[in-house]
Structures are given as C-alpha cells and as structure tokens.
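# Based on what follows, work out the 3D shape:
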Amino acid sequence: MNFDLLRDVRNVIAANPSGFDMGNWVVKRLCGTTCCIAGYAYFLSVGHEPCDTELPQVTQGASRFLGINKAQEERLYYSGNWPQSFIVYEEQPSPEAAIELLDRLIDGRIVLTEEGEWLGDLEYSPETPAETQEEQTEALSVAHEEALV
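Numbering: from 1, shown residues only. Next up is the predicted model:
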C-alpha cells in the first residue's frame, strides 16, 4: 500500500474538509471540486482534476497508484464497508472519521489485508481527541521502518 499517497490524500482532506465526499467519486461544484478517497488519490497522482475522466479509469488508476487490489478497493472506496464505528452519520462518514481511518492505516494501527479484511484498532468515537502531529510522525517513522525490514 502506498502510504505516502494515503498521507497526501489525508492531508488534502484535513486542509479542505468541505471538499471531501464519500458519496461521489468526483463532483465539480461552484465552490470547487469534491472528491472521495479514490478521487483524491487519482487527482494527486495524475496532477489534474479527474472531472472529465471515466469512473473506471479513476478507480482503477487510484488502486494502481495506491497499490491495492480489488478486495481492498471494495473496503476503502465504499464507506459502507468501513469499520462500523467510523461511519458517524447514517449516510456518509465525516471528514474527521476519514482522516482518523487514514491515520490509522498509515501508522499501522489498522491493517487492510489483501483479502479485504479490516484488522486492528477498529473502535472510533468522534469525541476521541486526535493524536498530536509529533506522535503521528513518530508512529509513521516506526511503521515505515518496520515495513522496510
């Protein structure tokens, strides 16, 4: 899994929460473009807005850039397949829930197996304070060092 790209997607969502929408791959609005995780992964990888791109190209491209297979794609791109506690609202997860899910994937507290199973720290409460940036950076360094071994 391309953790650098996941971190970039996470940072875009954090910088512009109103631009995040798991209900649509990519939507061009008067106030700007909104994307889901796959839309942002594709957009950040190709360097231009994917608004005129066919949906299969966005999903397949995002999966290729993220280094994930079809089973993982089904879990990550469809928020209804996220761990239940991350679905804060009935219809769509909040940007904060998406950021927390991505943070946990990046630092290894959650693993999305090749079979598409979520493992690890799956309990989430929106009242749980986020880790500090320093703690996230340290955890990320450890996770990447372990991945290199």
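# nearest spatial neighbour of Gly80, skipping sequence neighbours?
Distance criterion Cβ to Cβ, 6 or more residues apart in numbering; nearest residue to Gly80, sequence neighbours excluded, is Ile87 at 7.4 Å. In short, each C-beta sits where N, CA and C put it, glycine included.
# Looks like that neighbour contacts Ser79 (just checking).
Yes - assessed by Cβ atoms under 8 Å, Ile87 is found in contact with Ser79 at 6.3 Å.
# okay, and the common contacts of these two?
Residues touching both Ile87 and Ser79 (Cβ atoms under 8 Å, 6 or more residues apart in numbering): Pro93.
# What's the local residue count around the residue nearest to Gly80?
When neighbours are defined as other Cβ atoms under 10 Å, Ile87 has 18 of them.
# Tell me which residues touch it, please.
Contacts of Ile87 (Cβ under 8 Å, 6+ apart): 79-80, 93, 97.
# Can you convert the residues you listed into TSV and add a column each for distance to Ile68, pLDDT and neighbour count?
Formatted as TSV, the contacts of Ile87 follow (distance: Cβ to Cβ, whole Å; pLDDT from 0 to 100; neighbours: other Cβ atoms under 10 Å):
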residue	distance to Ile68	pLDDT	neighbour count
Ser79	16	85	20
Gly80	17	85	12
Pro93	18	81	21
Ala97	20	89	22
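# Most widely separated two among the residues you listed?
Gly80 and Ala97 (12.9 Å; Cβ to Cβ).
# So the residue nearest to Gly80 versus Ala98, what's the distance?
As for Ile87, its distance to Ala98 is 10 Å (criterion: Cβ to Cβ, to the nearest Å).
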